[in-house]
Structures are given as structure tokens and as C-alpha cells.
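Asks: For reference, the sequence and a predicted model appear below.
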Amino acid sequence: MNTRDLDHHIVKSIDEEQKRLHTDILRMGEMAISQLEAALDVIARRDDRAAERVVANDEAIDALERETSEDVMRLAMGGPLARDLRVVLTALRIASDIERIGDYAANLAKRSIALNTLPPLPVLHVSGLDALGRLAVQQLRDVMQAWRDLDTDLAQKVRSDDAQLDLQYTSLFRELLTYMMEDPRNITPCTHLLFMAKNLERIGDHATNIAENIWYRIHGQRDLPPRVKMDTSNTIGS
């Protein structure tokens, strides 16, 4: 096959993939419309069994969404500029994560202003937040170095280290809840600290997202090693 024939084959294949993707999205839209109409109908008729069927049918839309996502990736990655596309996509994702990190940092500053209007808290609680913050800062330093050097080993370390940040956050979460239960006057300042701690925990999550995107840039769709999440704050008191 000569170069011209090869180019024609590539263009034809891409066109076919685009048409299939277009059809799949239309099909997904039609399914969603049917589901919505069915849901409105069962509400009016108060039909529990029909409602259960609507809920069960949602899996069909979920499955088609996953299939469509795979089609998009196959279309994007199948061309001659696949690596360039990974670079662009990775940069977009990481820029979004960094923007969110900036938002959380601003939130911390805003909370600190509110906290300063209240009586000082014991040093123990403030130092706990500081320790959590230092872990988050280190995560950011490491992940940006990993990005600079495109170092997937360091990116993997960032992913693993997030478990320690989660543990620290959960410990502080428990401590602040106890302090609030001991004296209702502590509720307002500790609530501010809880929000601040959560912001830091989320910063760690975004650092982990960046680490995973570094891996994606280098290795594409190759599976990442499993990661342990250690934030158990949502189970406290349950």
C-alpha cells in the first residue's frame, strides 16, 4: 500500500469511527429521553414496580456511556499524533487540578480570617492542621517535581503517600469532633478547622490526580497499580 492509499485508509477509518460515535450518542440520548418519560409516568401513577424497572434500566445508559468513552479514546489515540494528544489532554487535566488547588488555598485564607474573630483555640488543634498542611505541601512539591522530570516513580510515590495524608486528616477529624462534643462553645471554631482540614485533604486528592495524569502521559491506558484510600472520616459515628 502506497502513502496515498494509506492516508485514504486512515481518513476512511476515522470517518467511520466518527459516524459510529455520532450514532451511539444519539442512541444514548434517546434512551435517556425514554427513561425520563418513564420516570415521570411512574411518579404520576405511583407505580413502585415500574419505578424499580426505571432504576434498573439506568445500567443500560451507564454501559453505553462507558462504551462511548472508549470509542472517544480509541478515536483520539488511533491517529498518527496519539502521543501529542496525550500531552494536550494531560496538560488540560493537570491545569484544572492546579486551579482547584488554588481555590482551596484561597478558602483556607478566608477561613483563617473568620477564625481570627474567635477566641484562640488550643495549640494542639492548630498544630494538627499545620501538620496536615505540611503533608499537603510536600505532596505538591513532589508531584510538581514528578511533572518537571516526567518521573513516574515519583508520581507513584505521591499516590502512595496520599494514604498518610488521609490518615492524618481522619485523626484530626476525630480530635475536633471530640473537642466539639466536650464544649458547645468549641463548635464554631472547630467547624472552621474541619472545613480547612477537608480543603487540605482535597488538595492531596488533586495532587494524586496530577500524579495519575503523569502516568497517563507516559504510559497511556496501561493500568496503574492499586491505591489505598485511608480517609475514614465518613464512617465516624455511623
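Replies: Happy to help now that I have it. Numbers count the residues shown, from 1 in each chain.
Asks: got the contact list for the residue lying closest to T90 once chain neighbours are set aside?
Replies: Here the nearest residue to T90 in space, its sequence neighbours aside, is R217; by CB to CB, 6 or more residues apart in numbering that works out to 4.1 Å. All C-beta atoms are positioned from the backbone trio N, CA, C, and that covers glycine. Going by CB atoms under 8 Å, 6 or more residues apart in numbering, R217 touches 86-87, 90, 150.
Asks: next one: E67
Replies: Remark: with contacts taken as CB under 8 Å, 6+ apart, E67 is in contact with D24.
Asks: Domain map for this structure?
Replies: For the chain, the structural domains run 3-77, 82-235, going by automatic domain parsing.
Asks: before we move on, back to that, just the contacts of R217: which has the poorest pLDDT?
Replies: Of all the contacts of R217, V87 carries the smallest pLDDT score, 71.
Asks: how deep is that one tucked in, by neighbour count?
Replies: Each residue near V87 was counted by other CB atoms under 10 Å, and the total is 12.
Asks: likewise S112?
Replies: With neighbours defined by other CB under 10 Å, the count for S112 comes to 12.
Asks: can you pull the contacts of it?
Replies: So, once contact is read as CB under 8 Å, 6+ apart, S112 ends up touching M196.
Asks: what kind of secondary structure is it in?
Replies: Classification of S112 into helix, strand or coil gives helix, according to DSSP: H, G, I helix; E, B strand; the rest coil.
Asks: So what's the predicted local confidence for it?
Replies: 82.
Asks: mind starting the numbering at 40 from now?
Replies: Happy to do that; since the first residue is 40 now, the last one works out to S151.
Asks: Buried residues in the strand or helix carrying R213, which are they?
Replies: In this structure, R213 sits in helix 191-221 according to DSSP states H and E. Of the residues in helix 191-221, 191, 193-198, 200-202, 204-205, 207-209, 211-212, 214-215, 218-219 count as buried by neighbour count, 16 or more other CB atoms under 10 Å.
Asks: what does stretch 232-252 give?
Replies: For stretch 232-252, burial by neighbour count (16+ other CB under 10 Å) applies to 232-233, 235-252.
Asks: now swap in stretch 184-191 and tell me
Replies: Judged by neighbour count using 16+ other CB under 10 Å, the buried positions of stretch 184-191 are 185-186, 190-191.
Asks: from the buried residues of stretch 232-252, which ones fall inside helices?
Replies: Among these, the members falling in helices (DSSP state H) are 232-233, 235-252.
Asks: May I have stretch 250-265 exported as PDB, CA atoms only?
Replies: Taking only C-alpha atoms (Å, rounded to 0.1, in the frame of the first residue of the first chain), the coordinates of stretch 250-265 have been written out as PDB:
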ATOM      1  CA  ALA A 250       0.400  12.000  39.600                       C
ATOM      2  CA  GLU A 251      -2.000   9.800  37.800                       C
ATOM      3  CA  ASN A 252      -2.100  12.000  34.700                       C
ATOM      4  CA  ILE A 253       1.700  12.000  34.600                       C
ATOM      5  CA  TRP A 254       1.500   8.200  34.500                       C
ATOM      6  CA  TYR A 255      -1.100   8.500  31.700                       C
ATOM      7  CA  ARG A 256       1.100  10.900  29.700                       C
ATOM      8  CA  ILE A 257       4.000   8.400  29.800                       C
ATOM      9  CA  HIS A 258       2.200   5.000  29.700                       C
ATOM     10  CA  GLY A 259      -1.200   5.800  28.100                       C
ATOM     11  CA  GLN A 260      -4.000   3.500  29.200                       C
ATOM     12  CA  ARG A 261      -1.800   1.000  30.900                       C
ATOM     13  CA  ASP A 262      -3.300   0.100  34.300                       C
ATOM     14  CA  LEU A 263      -2.000   1.900  37.400                       C
ATOM     15  CA  PRO A 264      -1.100  -0.100  40.500                       C
ATOM     16  CA  PRO A 265      -3.900  -0.100  43.100                       C
END
